[in-house]
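Trainee: sharing a model prediction with you, sequence too.
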Amino acid sequence: AYLGTATDAASATYNQGGTGASSRTVENKLQESVSVKDFGAVGDGVTDDTAAIQAALDSGENILIPKGTYLTGGLTLTGDNITILSRGTLVPSQNGVTTLSILGNHNKVSVNMRNTGDYTSSTLGDPMIGPDFRGINITGKGNHIVDCVIENFETCIRDYYSLNTLIENCELSVKYVNNLGWANDGILLYETTSSLVSNCLVVVFESYGTFNTQGTYANHPRGGVISDINGNNNAIYNCTIGEGFVASIHNEASQQTKIIGNRVYAASLCSIVGGSGIIENNIIDCPVYSTGGVYNNGVTTIAEANIYKNEFIGTDSSLTAIYLQVNGSNITVSDNIFNGSFDKIIAGNHAKNMQITNNQVAASCSTFCASSSVSGGSATISGNRITGTLSRGVSSYPLLNGVITNNDFSTATDHAIKLSGDTDHTVISGNLLYGPAGKYAVYLAYTGTGRYAVITGNDMSGRTSAVAAVWQNTSTQIVEANINNTFISL
């Protein structure tokens with residue numbers, strides 16, 4: 001910088017000093033970004049700095065929030081291509097407002113926010129339909145929310161009808177207060193397209209009241225990360241979701257969502273709820289709070305999902321690792337690892353066109369593929385290996401055009417495979433179906449007439465004879481059984 005005889009920044013010259021650098025005024029250099037203190041913000045935690053910070057946002061320049069505590073009401077960013085860097089902390093001055101609403105496009109926002117109020121008796125709004133106590137609300141396109149710390153809000157970040165939002169490296173804590181609607185999320189992606197959430201930590205700060213909207217779940221906020229209602233092509237990568245949410249990651253009616261590489265701790269209802277998309281390489285602590293409902297699972301999924309290379313850790317023998325939702329279809333469950341204890345590994349209701357392959361189960365469980373988990377449609381159950389304590393390998397009502405092949409159900413203490421109802425055209429081959437005398441390797445209890453099954457090439461060691469190894473009722477009129485099966489008496 002060259003001061004010469006200059007008496008103010010407008011006449012003083014600045015030069016960066018590098019090869020090819022040109023000179024400009026110090027005033028021009030300083031105006032590359034503005035501080036909220038340039039507009040009168042105090043940052044003492046007592047003065048209401050709303051007007052000063054809003055004036056800085058309206059300037060259209062890049063904005064610095066220096067160290068300090070800034071008491072503020074609702075703020076709005078309407079400009080485009082603006083960077084906000086916060087070294088200080090924004091503290092909301094009133095309940096029921098969003099601290100920062102981002103309406104503009106392609107902005108980069110790094111802010112710290114902390115709710116210091118005590119709202120234990122407040123009735124807060126539903127984050128989908130009205131005013132709410134949020135940290136950040138985004139409606140613009142292409143915004144980048146990075147390195148934020150947002151503490152003790154009902155919903156920390158809501159991405160609302162937006163496009164191409166990136167939320168990364170944020171630390172978020174959620175405060176739950178009793179209310180009448182779904183609420184209390186770390187990050188809510190609501191009808192968004194191509195939003196990415198990456199490397200975020202989401203935890204429950206504290207909870208009050210009883211949550212009664214979808215059951216009786218006491219003191220738990222709704223979700224760590226929610227991809228909600230008609231979203232498309234969103235992704236949730238490498239996040240850590242702390243325990244205590246109703247669902248750690250909830251992909252509700254969103255299409256082609258990618259849930260990859262996350263560490264998910266125990267939720268009260270379900271660790272991951274998946275619509276269509278990919279659930280891959282996650283470490284999932286399954287729920288520890290049993291409410292007796294069918295959704296107490298590590299993963300609940302509906303349709304068009306690939307559940308691949310995840311590790312499930314079960315801590316409650318009454319719960320299910322993966323629940324295939326009502327009328328679910330075209331779901332692949334492959335190459336997962338299950339440890340700990342579960343009731344069922346895979347279960348569901350009227351699911352169709354399943355591929356359940358190459359899973360490794362060291363967990364103790366009652367059934368690997370349970371009850372009606374592949375009900376009403378075709379399924380391939382292949383290459384699965386169960387080394388933990390097991391009651392049954394497959395128990396299905398019914399299974400149509402199914403293939404059960406090359407599985408290791410050798411630890412089964414009951415009938416290794418039990419098929420019933422309208423099951424038809426099923427092939428059972430190449431499986432290890434060891435078991436105790438007095439229990440069948442394959443138990444067929446079909447209804448209707450003309451049911452057909454092929455049972456071939458299975459190792460049924462421990463079953464005392466072919467008659468004892470395979471049982472069929474009178475409705476199973478056409479059965480090709482005992483073809484190259486192995487029977488070794490105890």
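Mentor: Looks like it arrived, so ask away.
Trainee: and the pLDDT for the spatially closest residue to Glu304 that is not a sequence neighbour?
Mentor: Closest residue in space to Glu304, ignoring its immediate chain neighbours: Ser276 at 3.6 Å, by C-beta to C-beta, 6 or more residues apart in numbering. Every C-beta, even on glycine, is put in place using the N, C-alpha and C of the backbone. For Ser276, the pLDDT comes out at 75.
Trainee: and the nearest residue to Gly261 once chain neighbours are set aside, what are its phi and psi?
Mentor: The shortest distance from Gly261 to any non-neighbouring residue, by C-beta to C-beta, 6+ apart, is to Asn238 (4.5 Å). For Asn238, the backbone dihedrals (degrees, to the nearest 10) come out as phi 50, psi 30.
Trainee: what about Asn238, neighbour count?
Mentor: Using other C-beta atoms under 10 Å, Asn238 has 15 neighbouring residues.
Trainee: residues in contact with it?
Mentor: Going by C-beta atoms under 8 Å, 6 or more residues apart in numbering, Asn238 touches Ser198, Asn199, Ile260, Gly261, Asn262.
Trainee: out of these, who's the most crowded?
Mentor: Busiest of the contacts of Asn238 [other C-beta under 10 Å] is Asn262, holding 27 neighbours.
Trainee: wait, doesn't that residue sit right on Gly242?
Mentor: No - counting by C-beta atoms under 8 Å, Asn262 sits too far from Gly242 to count as a contact (11.7 Å).
Trainee: nearest to Ile356, of the contacts of Asn238?
Mentor: Ile260 (20.3 Å; C-beta to C-beta).
Trainee: quick check: closest non-adjacent residue to the closest one.
Mentor: Leaving aside its chain neighbours, Ile260 sits nearest to Glu280 (4.8 Å; criterion: C-beta to C-beta, 6+ apart).
Trainee: contacting residues for that neighbour?
Mentor: Counting by C-beta under 8 Å, 6+ apart, Glu280 has contacts Lys258, Ile259, Ile260, Gly261, Asn306, Ile307, Tyr308, Lys309, Asn310.
Trainee: rerun that using 7 Å as the cut-off
Mentor: Ile260, Asn306, Tyr308, Lys309, Asn310 (C-beta atoms under 7 Å, 6 or more residues apart in numbering).
Trainee: what's the distance between the fourth one and Asp335?
Mentor: Plainly put, Lys309 is 5 Å away from Asp335 if you go by C-beta to C-beta, to the nearest Å.
Trainee: with the first one instead?
Mentor: Taking C-beta to C-beta as the criterion, Ile260 is separated from Asp335 by 14 Å.
Trainee: same check, this time on the last one
Mentor: When C-beta to C-beta is applied, the distance between Asn310 and Asp335 equals 9 Å.
Trainee: between these two, point out the one with more neighbours.
Mentor: Counting neighbours by other C-beta under 10 Å for Asn310 and for Asp335 shows that Asn310 has the greater number, 29 against 16.
Trainee: shouldn't the more buried one be in contact with Ile279?
Mentor: Yes - using C-beta atoms under 7 Å, Asn310 is in contact with Ile279, at 6.5 Å.
Trainee: what is the neighbour count of Asp36?
Mentor: No Asp there; residue 36 is Val. Count around Val36 with other C-beta under 10 Å applied: 28.
Trainee: from Arg87, how far out is it?
Mentor: On the measure of C-beta to C-beta, Val36 and Arg87 end up 11 Å apart.
Trainee: and for those two, which residues touch both?
Mentor: With C-beta under 7 Å, 6+ apart as the test, Val36 and Arg87 both reach Ile65.
Trainee: tell me which residues in the helix ranked longest in the chain are buried?
Mentor: Secondary structure of the chain per DSSP state H: the longest helix is helix 50-58. Neighbour-count burial for helix 50-58 flags Thr50, Ala52, Ile53, Gln54, Ala56, Leu57 (criterion: 16 or more other C-beta atoms under 10 Å).
Trainee: which residues touch the helix or strand following that helix?
Mentor: The helix or strand immediately downstream of helix 50-58 is strand 62-65, counting by DSSP states H and E. Outside strand 62-65, the residues that touch it by C-beta under 7 Å, 6+ apart are 32-36, 56-57, 82-88.
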